[in-house]
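1. Got a predicted structure here, sequence first:
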Amino acid sequence: RLFAEMKGLMKERKWEEAEMKGEQTRAIYGRVFGEESKQVADVWGQKGRSLYFQDKYDGAIELHQFALNLRLKLLGEQHPDVSNSYNHLGLCYNEKRNFDKAIEYYRKALSIRLYNFGEDNLDVADSYHNLADAFEQIGEFEKSIEYDEKSLKIRLKIRGELDPDVAELYNSLGVTLVYLGEYNLALEKHIKAINIQVKLYGFNHPDLAQSHSNIGDIYKYMGLYNKADIEYQKSISIQKKIFKECKNECINSYMGLADMYNMMGNYSKSIEFYLKCLDLILADGGEENPDYGIICGNLAVAYLGGNNIEKALEYSIKSQKILKKLLNDSHPYYALSMIVYADVLNKKGDFDNSINCYNNVIPLIKQSLGENHPHLGTVYNILAEAYFASSHYLEAIESFQKGLIIFKNVFGDVNSNTAAIYKNIGKCLY
C-alpha cells in the first residue's frame, strides 16, 4: 500500500511526501524481505525516478545503479527489471547530455527486451524511440529516423493508428527530417500527427497546438512565410482557448514568429516577439531560466541583423552569463551563446577576438554534440568567413574544408550547405 501511495504522490508531483513514503516503504521491505531483495530494489528504482523528474540526475543515477546492482545479483542479466534499470540510467545520461553513455544503456535495455518479448512489444518500441532521440541529439539523423520508424511500426501493429504515441512518433520523425532538409516528407509526418490528434482530442488540445507550431517551423524554413504565420497563429489560438492567458504555453509559437521575421529581415518585428517572450518568462519566475538566456541570444542576433551593435553586444553577453550560470560550459546552448558573441565581435571588425572565440567553442560543440553534427559544420563555416575577412586565406580554406566534410556526411553531396561552401572555397582561391 505504501509503495502505491508513493507512486500516487509522484504523479501529483508532491516530491517531499513521496520521498518520505518511499523511505517508509524501503524500511518496511528491508525488515520483511531483507535489504538485498527485489522489493527493496523496486523502491530504489522508484526513488530514482522521483529524482529524475525533479531534474536531479546525479542522484537518480546513483539510486538506479543501486537498484541495478541488486537486480543483477538477484534476478540475472536477462530479467525485464534489469532492462528497466538500464533504460532509466539511459534516460538520466541523456538528460546530462552524455549521449554515448545513454546509447550504451539504451542498447542494453533493448537487447534484454528483445530477448524476453520479441520485436512486437511496446517496451521494445520505447527503447527504439529512446535510441532515436539520442542519435538525433548527436546529429546522426538517419540512425534516428531508422529507430523511430522501427518504433512506429511496432506501435501501429499493436495499438493501431489512433494512438497518442503514434502521433508523437510522427512528430518526432517530422522534426528529424527537417534537419536533413526533407521538408515535404516532414510536413507529411506532421499532418499525419494532426489527423490523429484531431480524432483523439478534437480541435483544442496542447499536442495539436504543438503540431501546428511544428508545421509553422517547416514553412518558415521553406521560405513560405505566409503559411508559417497561419500555422503559428493556429497554435496560439488553440493555446489561448485552453489556457486563457496563454503565457508560457505560447512561447514556442511566439519564438517561431520571431525567428520567421528575423529570416525575413524584419528585425523590428522579430525583436518585438523576442521581447514578448522575455516578458512572459520574467512574469513566470525571472531570469533564472535557461530559456531566458537562449532568447537573449536570439535577440542579439536580431539586433545584429538590424545593425544595432551595442544592443547585440549587450544581449549576447547577457545570454552567455545566464547560460553559463544555469547550465555548464559543455552545454550546446552555452556554446551557441558564445557563437553569437563571436558573431557580434566579427560584425564590429574585431576579427582576432572573434576568431579566438570561434576556436574556443569548437571543442565544446565536439564534446556535447559529437564531431559530425551540422552545428559544428556551421561554426567551421563562420570561422572560415572570419579568417577570410581578416585575409587569412589558407586558414579560411582549411576551416571551409572541415565544414564541408561534415555537411557532406550529414546531408550528402547535393545540398545547399555543401554548394555554399564550395563557392566560398572558390572565393578564397580566387
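-> Yep, that arrived. Residues are numbered from 1 along each chain as shown.

2. Okay, now the unreliable bits of the stretch 101-250 of the chain?
-> Filtered on pLDDT under 70, the stretch 101-250 of the chain yields the residue ranges 244-248.

3. can you do 80?
-> Flagging of the stretch 101-250 of the chain using pLDDT under 80 yields the residue ranges 244-249.

4. Tell me where the stretch 51-200 of the chain has helices.
-> For the stretch 51-200 of the chain, applying DSSP state H, counting those that start in this stretch gives helices covering 57-75, 80-95, 99-117, 122-137, 141-159, 164-179, 183-201.

5. Count the neighbours of residue 373 for me.
-> Around residue 373 sit 22 other residues, with neighbours defined as other C-beta atoms under 10 Å. (Glycine included, C-beta is placed from N, CA and C.)

6. before we move on, what about residue 16?
-> Using other C-beta under 10 Å as the criterion, residue 16 is surrounded by 8 other residues.

7. That one and residue 409, how far apart?
-> With distances taken as C-beta to C-beta, to the nearest Å, residue 16 is found 48 Å from residue 409.

8. Show me the helices in the stretch 201-350 of the chain, by range?
-> 206-222, 225-243, 251-264, 267-284, 290-305, 309-326, 332-348.

9. Can I get those helices in TSV including mean neighbour count and distance to residue 27?
-> Formatted as TSV, the entries for those read as follows, by neighbours: other C-beta atoms under 10 Å; distance: least, C-beta to C-beta, whole Å:
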stretch	mean neighbour count	distance to residue 27
helix 206-222	22	40
helix 225-243	19	42
helix 251-264	22	43
helix 267-284	18	39
helix 290-305	23	38
helix 309-326	19	36
helix 332-348	22	41
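
10. so residue 71 sits right up against residue 40, yeah?
-> No: applying C-beta atoms under 8 Å, one finds residue 71 not in contact with residue 40, separated by 10.5 Å.

11. The closest residue to residue 149 other than its chain neighbours: neighbouring residues, count only.
-> Spatially, and ignoring its direct neighbours in sequence, residue 149 is nearest to residue 173 (7.1 Å; C-beta to C-beta, 6 or more residues apart in numbering). Per other C-beta under 10 Å, the neighbour tally for residue 173 reads 25.

12. that older thread, TSV for the helices of the stretch 51-200 of the chain, including distance to residue 31?
-> What follows is the helices of the stretch 51-200 of the chain, written out as TSV (distance: least, C-beta to C-beta, whole Å):
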stretch	distance to residue 31
helix 57-75	16
helix 80-95	22
helix 99-117	31
helix 122-137	32
helix 141-159	41
helix 164-179	40
helix 183-201	46
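
13. Of all these, which one is nearest residue 251?
-> If you check each of the helices of the stretch 51-200 of the chain against residue 251 by C-beta to C-beta, helix 164-179 wins as the nearest, at 17.3 Å.

14. That closest one versus helix 183-201: what angle between them?
-> Computed with axes from the mean of the first three to the mean of the last three C-alpha atoms, to 10 degrees, the direction of helix 164-179 lies at 160 degrees from that of helix 183-201.

15. Dump helix 164-179 to CSV, restricted to CA.
-> Once side chains and other backbone atoms are set aside, the C-alpha atoms of helix 164-179 remain, and they are given as CSV (Å, rounded to 0.1, in the frame of the first residue of the first chain):
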residue,chain,number,x,y,z
PRO,A,164,-1.2,9.4,-28.9
ASP,A,165,2.3,7.7,-29.0
VAL,A,166,1.8,7.1,-32.8
ALA,A,167,1.1,10.8,-33.2
GLU,A,168,4.2,11.7,-31.1
LEU,A,169,6.4,9.4,-33.3
TYR,A,170,5.1,11.1,-36.5
ASN,A,171,6.0,14.4,-35.0
SER,A,172,9.4,13.1,-33.9
LEU,A,173,10.1,11.9,-37.4
GLY,A,174,9.0,15.2,-38.8
VAL,A,175,11.3,17.2,-36.6
THR,A,176,14.3,14.9,-37.5
LEU,A,177,13.5,15.1,-41.3
VAL,A,178,13.7,18.9,-41.1
TYR,A,179,17.4,18.6,-40.1
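
16. Now for residue 65: which residues touch it?
-> Residue 65 makes contact with 85, 89, according to C-beta atoms under 8 Å, 6 or more residues apart in numbering.

17. mind running it again at 7 Å?
-> Listed by C-beta atoms under 7 Å, 6 or more residues apart in numbering, the contact partners of residue 65 are residue 89.

18. Same question for the one 10 residues further on.
-> By C-beta under 7 Å, 6+ apart, the residues touching residue 75 are 38, 81-82.
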